[in-house]
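Novice: structural data only, the sequence is not supplied:
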Ligand SMILES: NC(=O)C1=CN([C@@H]2O[C@H](COP(=O)(O)OP(=O)(O)OC[C@H]3O[C@@H](n4cnc5c(N)ncnc54)[C@H](O)[C@@H]3O)[C@@H](O)[C@H]2O)C=CC1
Ligand SMILES: O=C(O)C(=O)COP(=O)(O)O
């Protein structure tokens, strides 16, 4: 198992990776894109912080990569859509540096209100200047927190203790949560217009890029102070520099930049009323240990095929949800795999039906497992839970999820209906209490088969001798039949047969069965 650590992560995390069975951990930091592309070719797991840019080109070169672990929160240095398309899981460590980032923000807030770095510099320059550094109190001032997630919330709590009025803006902030935190639930405009201090705590996305721009600065109070310990790019740096020069903004404290490291001629460097730190929000002993251990643990679980959490490109399931969904995830994958081998032709539509208690839960993960099973017939190990929805999109397959009322016969039922240019097929499975998963329907015919191992499935005309002939052909080839199921609607019509066999059916035998008079469809299935 080859693991590459491309940024400085705590030794505690590296040791966890080294302790994984069969792991070979290489630590090489500060690589160029070309060097990383070379280094990553045979790597299964890559660990980074914010410095290494994991571009689409890097991922293209990473033929064996299964997982990217981000020892921290922001994943904007990783091309997540490209990773998802390639089925690579991206895992971050969302909780480990929250307090450190909040404390750094608070340090910036106080620094900004009392000119500490500028005053320190003046003393070192031989001056004793007490007039130039008159500050403002935080008490009684209004702080706008844009983005009230983990870090924004911790900043808000601390600001409350300092006697500030806090206005929170976040699409996910509810009135009740705002009340609980003792903050004012505000719109973006209300927050930025009322604030004496504004701090941003959103991720960098299309929506938040230049959230604070020239128009936003124009609407703010004269003398407002701005803090960014989230991501460069949330604030338009040119517009901020202009607003600072014009005196509209009285001060800014910035930890993160559009380009890191910042260029020597960056417009903010020359301005006196600005405090700059080189992306230090998460740089504490505690945060670095936390995030490195967290991410190494989850990456390790994934590499060992164990359940893992904090994947940013997979839906997250609580332990309780996992326990409920687990048997359905397995059944869904088997149904997908079965249908993928049973259905021929160009498929345009897949409908997944959920009946029974499962319909009350988040079914999106089950859909992923059905699609993963389906696509693994064609793509093998290249299809996984991460890229399965993308593969459906790429191959022009419409996927529909339908929640159905509980049926009369089965207390729970998963159905998979597939429309192809050769017609419509439907397979269904259920979970019998105590007996596990069973296939209970194929193309409208009732059967009861365990979905496992090698099988022969046929649709044939229900006439004497069919089953005997198939049995002899298999017997002559040394293929033993372990179980047999036949489903039919009326005598002499069409029937479906499911044979569980002890080993794979040779291609030549399958061809012969397919050519038999009365056989409509015959497929070897491997589950
Ligand atoms: N300077 C540093 O070293 C560090 C920076 N960070 C950065 O801090 C940021 C926040 O981190 P967390 O609080 O852990 O994330 P989080 O996911 O808990 O919170 C982000 C919040 O932003 C909100 N949001 C998203 N789009 C928004 C929009 N358009 N307008 C308003 N709110 C919006 C979300 O609803 C969410 O509540 C991230 O960008 C992260 O990368 C995190 C740790 C250290
Ligand atoms: O966790 C985050 O989002 C951070 O910005 C921390 O970045 P870093 O790991 O210190 O390069």
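Specialist: Looks like it arrived, so ask away. Everything numeric in this text was worked out from a predicted model, so none of it was measured. Residues are numbered from 1 along each chain as shown. Ligands and ions are numbered 1, 2, ... in the order given.

Novice: nearest to ligand 1: which residue in the protein?
Specialist: At 1.7 Å from ligand 1, residue 149 is the closest residue in the chain, using CB to the nearest ligand atom. In this view, the C-beta of every residue, glycine as well, is placed from N, C-alpha and C.

Novice: ok, that residue to residue 60 distance?
Specialist: 32 Å (CB to CB, to the nearest Å).

Novice: I'd guessed the residue of the chain closest to ligand 1 sits against residue 201; true?
Specialist: Yes. Between residue 149 and residue 201 there is a contact at 6.3 Å, judged by CB atoms under 8 Å.

Novice: of those two, who's got more company?
Specialist: residue 201 (27 against 18; other CB atoms under 10 Å).

Novice: quick one, phi psi at residue 496?
Specialist: Main-chain torsions, residue 496, degrees, to the nearest 10: phi -120, psi 140.

Novice: quick check: chain neighbours aside, which residue is closest to it?
Specialist: Nearest non-adjacent residue to residue 496, counting by CB to CB, 6 or more residues apart in numbering: residue 445, 3.9 Å away.

Novice: which ones are touching the one you found?
Specialist: Contact analysis of residue 445 by CB atoms under 8 Å, 6 or more residues apart in numbering lists 487-489, 495-496.

Novice: quick one: the strands in the stretch 201-350 of the chain?
Specialist: Applying DSSP state E, counting those that start in this stretch to the stretch 201-350 of the chain gives strands spanning 224-228, 249-254, 274-276, 347-355.

Novice: check contacts around the most centrally placed residue in the chain.
Specialist: Here the mean C-alpha position of the chain is nearest to the C-alpha of residue 313 (CA atoms, centre = their mean), at a distance of 1.7 Å. By CB under 8 Å, 6+ apart, residue 313 lies in contact with 80, 83-84, 89-90, 386.

Novice: which ones among the residues you listed map onto strands?
Specialist: In strands, judged by DSSP state E, the following of the contacts of residue 313 are found: 89-90.

Novice: next one: the residue nearest to residue 478 when sequence neighbours are not counted from residue 527, what distance?
Specialist: Closest residue to residue 478 apart from its sequence neighbours, by CB to CB, 6+ apart: residue 503 at 7.9 Å. Taking CB to CB as the measure, residue 503 falls 14 Å from residue 527.

Novice: ditto for residue 498
Specialist: Using CB to CB, residue 498 is found at 11 Å from residue 527.

Novice: which of these two has more neighbours?
Specialist: Higher neighbour count among residue 498 and residue 527: residue 498, with 23 against 18, using other CB under 10 Å.

Novice: the closest residue to residue 356 other than its chain neighbours: what's it in contact with?
Specialist: Excluding the flanking residues, the one nearest residue 356 by CB to CB, 6+ apart is residue 412, at 3.2 Å. Residues counted as contacts of residue 412 (CB under 8 Å, 6+ apart) are 328, 355-358, 406, 430-431.

Novice: repeat that for residue 31.
Specialist: Residue 31 touches 6, 39, 52, counting by CB under 8 Å, 6+ apart.

Novice: contacting residues around the second one?
Specialist: Shown here is residue 39, whose contacts under the criterion CB under 8 Å, 6+ apart are 4, 6, 26, 28, 31.

Novice: residues contacting the closest residue in space to residue 98 that isn't next to it in sequence?
Specialist: Once flanking residues are discounted, residue 98 sits nearest to residue 150: 4.4 Å by CB to CB, 6+ apart. The neighbours of residue 150, taking CB under 8 Å, 6+ apart as the test, are 73, 94-95, 98.

Novice: again, but for residue 426
Specialist: 415-418, 441-444.

Novice: and which of the residues you listed is nearest ligand 2?
Specialist: residue 416 (39.9 Å).
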